[in-house]
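> Sequence first, then the predicted structure, then my questions.
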Amino acid sequence: MIDLYTFTTPNGRKVSIMLEEIGLPYSVHVIDITKNDQFSPEFIAINPNSKIPAIVDRDNGITVFESGAILIYLAEKSGRFLPTDKQKYFQVMEWLMFQMASVGPMFGQLNHFKRFAPEQIPYAIGRYEKETLRLYGVLDTQLAKYEYICGDYSIADIATYPWVAIYEFQGLTLDNHPHLKRWVETVQKRPAVERGMAVPSL
């Protein structure tokens, strides 16, 4: 049994999608970041950086925080969505790190300045929207070659999808990135993705 500590964010939904895909039983613990639950002593004991998601594997007592690390852990535990062939393995790792280092931080900054900042700062909005669209282009070019980011469906797709799926929330369109749009439409039809995107239900 996996204890999942999460909230309704793209980073949190990566892990619930993965858990649904691999079919491991899990228990959801809502960490309401709008109420600063992430700063409670109980959660800091699980993740000293006070960020969701995090998991505790009751089978062996292992705790893992950082969404990318969690996806790798669950892929290795289940033997799914992470190739064993060295070349393919590192291709998936490249694109997982691309999501962690670029897609998540840049899209997250756009979300903040466009939707949540107490004042509208045109420079910040323009900067992060331009970078988001550039990253759309990087993904679109890759997806022109493959059905999924690395050919076969993998943790690279699971990590990236929840961030791209919020394009309308960000006031953007995928119409100029047809391969990325096709990929979003393909991934969102997976039953496990649909279930994972609904976690947690508040």
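Yep, it's here. Numbering: from 1, shown residues only.
> can we go C-alpha only for contacts and neighbour counts from here?
Will do.
> and the longest helix anywhere in the chain, which residues are buried?
Counting residues, the longest helix in the chain under DSSP state H turns out to be helix 122-143. For helix 122-143, burial by neighbour count (16 or more other C-alpha atoms under 10 Å) applies to 125, 128-129, 131-133, 135-137, 139-143.
> just stretch 171-187 next, same as before
By neighbour count on 16+ other C-alpha under 10 Å, the buried set for stretch 171-187 is 174, 177, 179-184, 187.
> Out of those, the closest to Glu76 would be?
Glu76 lies nearest to Val187 out of the buried residues of stretch 171-187, by C-alpha to C-alpha, at 21.6 Å.
> Show the pLDDT at that closest one.
Looking at Val187, its pLDDT reads 98.
> Please report the distance of it from Val28.
Counting by C-alpha to C-alpha, to the nearest Å, the gap from Val187 to Val28 is 23 Å.
> what about the helices in the chain?
With DSSP H as the criterion, the chain has helices spanning 10-22, 41-44, 67-78, 86-98, 104-111, 122-143, 155-164, 178-187, 191-197.
> Which strands or helices does the longest one pack on?
Here helix 122-143 is seen to pack against helix 104-111, helix 178-187 when contacts are counted using 3 or more C-alpha pairs under 8 Å, 6 or more residues apart in numbering; DSSP states H and E.
> any chance of those in a markdown table, plus distance to Tyr153?
Formatted as a markdown table, the helices and strands packed on helix 122-143 follow (distance: least, C-alpha to C-alpha, whole Å):
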| stretch | distance to Tyr153 |
| --- | --- |
| helix 104-111 | 19 |
| helix 178-187 | 9 |
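> Let me know which of the ones you listed is the nearest to Gln87.
helix 178-187 (22.7 Å).
> what does that closest one contact?
Identification of contacts with helix 178-187 by C-alpha atoms under 8 Å, 6 or more residues apart in numbering yields 136, 139-141, 143-144, 147-148, 161, 164-165, 174-175, 193.
> now these as JSON lines including distance to Asn49 and pLDDT?
Conversion of these to JSON lines gives the following (distance: C-alpha to C-alpha, whole Å; pLDDT from 0 to 100):
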{"residue": "Tyr136", "distance to Asn49": "29", "pLDDT": "98"}
{"residue": "Leu139", "distance to Asn49": "29", "pLDDT": "98"}
{"residue": "Asp140", "distance to Asn49": "33", "pLDDT": "98"}
{"residue": "Thr141", "distance to Asn49": "34", "pLDDT": "98"}
{"residue": "Leu143", "distance to Asn49": "34", "pLDDT": "98"}
{"residue": "Ala144", "distance to Asn49": "37", "pLDDT": "98"}
{"residue": "Glu147", "distance to Asn49": "35", "pLDDT": "98"}
{"residue": "Tyr148", "distance to Asn49": "32", "pLDDT": "98"}
{"residue": "Tyr161", "distance to Asn49": "24", "pLDDT": "98"}
{"residue": "Val164", "distance to Asn49": "25", "pLDDT": "98"}
{"residue": "Ala165", "distance to Asn49": "26", "pLDDT": "98"}
{"residue": "Leu174", "distance to Asn49": "33", "pLDDT": "98"}
{"residue": "Asp175", "distance to Asn49": "37", "pLDDT": "97"}
{"residue": "Val193", "distance to Asn49": "27", "pLDDT": "98"}
